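>>> turn this into a model:
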Amino acid sequence: MTMLHIRQAGPMLTVQDLGRTGLMHLGVSGAGAMDRMSMLIANRLVGNADSDAALEFAHVGGAFVAEKPVRFAVTGGAVDITVDGQVRHGWESHWLMPGEVLKIGALRQAVWGYLAISGGIDTPKVLEARSTHLRSGLGGIEGRRLAIGDALPLGETKKSSLLALSKPFSRSNGPVRVVPGPQADHFDATAWKNFLQEPFSVTPSRDRMAQVLDGPAIRAFAGHDIVSDGTVAGSIQVPSSGRPIVLMAERQTTGGYPKIATVASVDLPRLAQTATGSTIRFKSISQEEAEDLLIARNDALADILASLEEKPEDAAKVEDRQT
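Have a look, this model is predicted:
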């Protein structure tokens, strides 16, 4: 079995895939990538299936060495990438030969990055997924962040060309779109005005579970304690502090704070990738509009994945590396 060795590890380096489904009633949230679109592109660039596991990191990647020739791709945002000191580019695939050191630096204008390796990260599945859920200690390696000295098993590298994007990948701008939440009626007109018309900043209080926003205090006239009910990715809870909390990939499955709104699925990865200290605004849309936007985004992603183009490379070198 081919292993990927970690020589340096950035913060929040974990194994992630598409996450777990069908277990919310057992108190197990999905986990999975914070920016699924970026992870899917990374996997396709190296010839992997969408369900294969990759590495997710926050802010800084790390350094990695493989035992056999593998293809790799780094996505998520702009970042410095080198192989034995030679510059490589993000959003396209490259070869990593045995003993060569892949280094991934600090992301620029993004928070979460992805490293896909051909064959995928082949750690054991836990509850039908390899995703690391840090809060509960599931998946990955012992359910924890990866560290220097860890070695990750890789699946088989299948023959494939090196690939690159032929169409630009960009995230939408403008307000973060939200759908009124299940406790929307706990908030009066003044609270809604503050929520939709005033700016909020992304605070350093953020991780894979949730991120806290700072801005005008949002008050629930009906009170900030409710009988706990279900949450979804993007639920915006408002505790008594009045500071909104957006629930993310490792959210708790139930919560006792009123939920003023839910971030539309199409915009949740964009919010996850918004740098700490940045200012955001919200815009209310209907559930139907949110569904149409997600369908359009998925169509755009399918178009990007279908149009990946081969990178020119010497045929003899390709054959040598894949045998």
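>>> can you give me the distance of R20 to E67?
From R20 across to E67, the span is 29 Å (C-beta to C-beta, to the nearest Å). For glycine as for every other residue, the C-beta is placed from the backbone atoms N, C-alpha and C.
>>> then S29?
Between S29 and E67 the distance, using C-beta to C-beta, works out to 34 Å.
>>> which one's more surrounded, these two?
Each of S29 and E67 had its neighbours counted (other C-beta atoms under 10 Å), and the higher figure belongs to S29 (23 against 14).
>>> now do the contacts for that one.
Under the criterion of C-beta atoms under 8 Å, 6 or more residues apart in numbering, the contact list for S29 reads 20, 23, 133, 249-253.
>>> state the pLDDT value of it.
Looking at S29, its pLDDT stands at 87.
>>> quick one: it from S136, how far?
When distance is defined by C-beta to C-beta, S29 is 9 Å away from S136.
>>> and the closest residue to D188 other than its chain neighbours, how many residues sit next to it?
Excluding its sequence neighbours, the residue lying closest to D188 (C-beta to C-beta, 6 or more residues apart in numbering) is F221, at 5.1 Å. One way to gauge burial is a neighbour count; for F221, by other C-beta under 10 Å, it gives 10.
>>> same deal with D150?
Neighbouring residues of D150 were enumerated by other C-beta under 10 Å; the total is 19.
>>> go on, S170?
With neighbours defined by other C-beta under 10 Å, the count for S170 comes to 7.
>>> sec struct for it, please.
Classification of S170 into helix, strand or coil gives coil, according to DSSP: H, G, I helix; E, B strand; the rest coil.
>>> quick one: contacts for it?
Contacts of S170 (C-beta under 8 Å, 6+ apart): none.
>>> begin at 78 from now on, thanks
From this message on, residue numbering opens at 78, which makes the last subject S247.
>>> now the buried members of the contacts of S106.
Of all those considered here, the ones buried according to neighbour count by 16 or more other C-beta atoms under 10 Å are 97, 210, 326-330.
>>> possible to save these as a markdown table with pLDDT, distance to S305 and secondary structure?
Supplementary listing: these in a markdown table, determined by pLDDT from 0 to 100; distance: C-beta to C-beta, whole Å; DSSP: H, G, I helix; E, B strand; the rest coil:
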| residue | pLDDT | distance to S305 | secondary structure |
| --- | --- | --- | --- |
| R97 | 94 | 21 | coil |
| H210 | 95 | 20 | strand |
| A326 | 95 | 20 | coil |
| E327 | 94 | 18 | coil |
| R328 | 94 | 13 | coil |
| Q329 | 92 | 9 | coil |
| T330 | 93 | 10 | coil |
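>>> looking at those, spot the one nearest D302.
Q329 (15.4 Å; C-beta to C-beta).
>>> now the closest one: closest residue in space, sequence neighbours ignored.
The shortest distance from Q329 to any non-neighbouring residue, by C-beta to C-beta, 6+ apart, is to T308 (6.5 Å).
>>> ok, S318 next?
In space, not counting the residues next to it along the chain, S318 is nearest to A294; the distance is 7.4 Å by C-beta to C-beta, 6+ apart.
>>> in the helix or strand harbouring K270, what counts as buried?
When elements are defined using DSSP states H and E, K270 is found to belong to helix 266-274. Along helix 266-274, these residues count as buried under the neighbour rule (16+ other C-beta under 10 Å): 268-269, 271-272.
>>> right, and D161 touches P175 too?
No: look at D161 against P175 with C-beta atoms under 8 Å: they stay out of range, at 11.7 Å.
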